[in-house]
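A.B. asks: this one's sequence-less:
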């Protein structure tokens, strides 16, 4: 079963893609804010933070929607080509659900950037 | 008791339908052989038992013992606080009491208890004969048992930790805590970290690789999903606490200033690392409890769980979100508001998946007919208490509110509602629910109602007033208070409630002593549950391993129990003559091979004893005896591992249904390969935490980072890199040579090239670390002079640790080759050594790149 490992990992990654995107987005926006504010990088960087966070939020949320649409359309690892109908439905539902969760969480986590001044 | 007794046809009453994997009746003597192989040792040797049913019970019992001990500490504290200006205990003793209460409840009760239930229940629920690494489970238990008792005894000698269960520096630094109290915490829970990680590896591999055939992930019991996410949380959360305890202990022992602000360190680094572990810890405790509830609710309502897929989704989402909330414990530390807002948002988001589970349980209860048994009462109590705790959690998740109640009794009330509601009540429900599985008699329903009543009322009487005590200003951790502040009656009420809880627990213990009897002839499926743990079983687990077709097989396959007991399903015997179970594919649970499992051994018990002794002796500064114990512990582990890569007993064995499976595999199909990969995830996370520490310290103290001209000059950073790469290359060459060695071919071509290549890799990796160390010390950098020096030497030290492990593993692998236990087929040991080798080399290269390039990049 030499080919099994990539299959399993890819499937699990796709199943969790929505929340993996959230984690990546969350780590990026927090890390960026932390470094910019802790190092006091002049005035230009703090001013740019809301725009960078907004951009990252749009990108991450967009990608989670792509995963959602793929799940809805029955595409993606773990769904397409799965012979067991029950397992296919399960994989599709959970992948789609995780993507919805991820989308909402990304937007929700990114929202403070447009409401609160960075480094205050 | 209103539960219906589920009647299944007895085995001898059924002749067996066509289409089942094996015919019945089974050959004479088969069941006796199975019993013989799986029997528990007798007499003193009984403590070497490794069967999950025994180790799981030992584990649960020990966790419960620590629950009682930590509860007694709580009673002493509540007695002290019952009236103002009491002097039952001194301030210093009180500090030890609350620190030990919190530490024991979290590390010696909650995590081990849920892990223990997993060890006991998972193989039964998945119809495996045991978890895939039974000796690892036993080792994890005994390390916890010996170490936990020794840790608790520190209290008797007034040297227990006294700075709170989260051990914040600078209070825990040598300046303010010069005694060994803090060391007891930092080193004393080392064994718990080892134990928890060992258990997590066992559980991940067990859930993914040892399920009943047909139990694809969409049919996996919710509890197994919860344990899978629980174990993943341990893998990614525990390394942070391992690292921060290591850094603080090194600071205390050798003066490396990771947390000392004057030298560029930061106490905030501790808080980040600790809470990166500490908040997921809450879900590490809650998710398994929620998983148990998801198993019990369908039974008490006699209907399948509503929203199975949503519940799985909620468990997964909780696992992810739990890593995005750690800063909500740090709202009062001066972090920028925008950063706080990210965490505040995530803290509110994490309540959504918990809410989904609560609604799924309520919907299931509404969908069925609730049987108001004792487990049901505890579950209803859990729903009420946990929901209240969740609501106050949303409150403290909001920054302005948190600032008002920070470090007050409101927070104490909140987390006790979450933890007692979210974990203790489900655990008591589980005790009542699953006792008939382990004991000849179930626990008393009549007494159970009293236990529930006392605990439920007591819990609310104790902790609800604490919300008010906190709101009117009483801070946490004060050993007494003046009269007339309005706190008096609230504290007295809380104390009365605490003794009500104690009365409930005492009544439970009385019932347990009266009725709990371990026997193979258990009370059986008295609740009419639908899941596999209720199949008839013995020391060998199930007589045969079923193929399942639904999530509640006992409801949907009415003759399953009888057919399993008659041996009509898979592997009704012991074809290799030893302990074995079926390993299945991780997603679809199709049989892949029959794994040969090790049996009882003193090596696990003694290895665990000396591991715990190492940590405890190190704490009390008995360094030489500690080192001796460490050497003996390593020796015991080597003894234990010597038998665990057995090679193929036969080419294939027949498990029934025309399926013939190999008895030995290596590579990505192998369970040991999976275990090593999970271990590498732990190691990788630890290293990521160290990288984070490096970058964090740079952000707070860039002034201690060196100018580029103070760094090791070329070619110094390149030399260790080349040596690392060369050692990895040597291991690759060894692997290729080993492939050419046929089974049993001790004298075949390829044996000596393999041995020479592997032997060459050992000095290369040692030299890589040594040259890295020489390069850093050649610049005059000292680990004690600044946080920069400390963290750079920490990179080198960690690589040094890996070098020692690789030397041991390399020599062990060579020894197996020389003993004729290693060839091109039987190469599991080599593969594991190779995986760790490449990992350590990549890690070393990353460390070199960071320490050599980052200061140049940022310009010093």
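C.D. replies: Thanks, I have it. What you see is a predicted model; the values in this text were computed from it and never measured.
A.B. asks: for residue B:185, see how far away residue B:172 is.
C.D. replies: Distance, residue B:172 to residue B:185, using C-beta to C-beta, to the nearest Å: 8 Å. Any C-beta I mention is one placed from the backbone N, CA and C, and that applies to glycine too.
A.B. asks: what residues are shared contacts of these two?
C.D. replies: residue B:163 (C-beta atoms under 8 Å, 6 or more residues apart in numbering or on different chains).
A.B. asks: compare these two (neighbour count), which wins?
C.D. replies: Between residue B:172 and residue B:185, counting by other C-beta atoms under 10 Å in any protein chain shown, residue B:185 is the more crowded of the two (30 against 27).
A.B. asks: so that one: helix, strand or coil?
C.D. replies: Assigned by DSSP: H, G, I helix; E, B strand; the rest coil, the conformation of residue B:185 is helix.
A.B. asks: do I have it right that it meets residue B:162?
C.D. replies: No: judged on C-beta atoms under 8 Å, residue B:185 makes no contact with residue B:162 at a distance of 9.1 Å.
A.B. asks: now do the contacts for residue B:553.
C.D. replies: Residue B:553 makes contact with B:530, B:531, B:532, B:546, B:560 under the criterion C-beta under 8 Å, 6+ apart.
A.B. asks: what's the farthest-apart pair in those?
C.D. replies: For the contacts of residue B:553, the maximum inter-member distance is 13.1 Å, found between B:530 and B:546 (C-beta to C-beta).
A.B. asks: neighbour count winner among the two?
C.D. replies: Neighbours per residue (other C-beta under 10 Å) separate residue B:530 from residue B:546, with residue B:546 holding more: 26 against 23.
A.B. asks: how many residues are close by the residue nearest to the more buried one when sequence neighbours are not counted?
C.D. replies: Residue nearest to residue B:546 in three dimensions, not counting chain neighbours: residue B:569, with 4.5 Å by C-beta to C-beta, 6 or more residues apart in numbering or on different chains. Residue B:569: 27 surrounding residues under other C-beta under 10 Å.
A.B. asks: top helix in chain B by residue count?
C.D. replies: Counting by DSSP state H, the longest helix found in chain B is helix B:267-301.
A.B. asks: let me know the next secondary structure element after that helix.
C.D. replies: helix B:308-321 (DSSP states H and E).
A.B. asks: name the helix or strand for the residue sitting nearest the centre point of chain A, please.
C.D. replies: Taking C-alpha atoms, centre = their mean as the criterion, residue A:21 is the residue nearest the geometric centre of chain A, at 1.8 Å. Taking DSSP H and E as the criterion, residue A:21 maps to helix A:17-39.
A.B. asks: how about that helix: buried residues?
C.D. replies: By neighbour count on 16 or more other C-beta atoms under 10 Å in any protein chain shown, the buried set for helix A:17-39 is A:17-23, A:25-26, A:28-30, A:32-34, A:36-38.
A.B. asks: tell me who's in contact with the closest residue to residue B:222 other than its chain neighbours.
C.D. replies: The shortest distance from residue B:222 to any non-neighbouring residue, by C-beta to C-beta, 6+ apart, is to residue B:294 (3.8 Å). Applying C-beta under 8 Å, 6+ apart, we find residue B:294 in contact with B:222, B:223, B:226, B:305, B:311, B:357, B:360, B:361.
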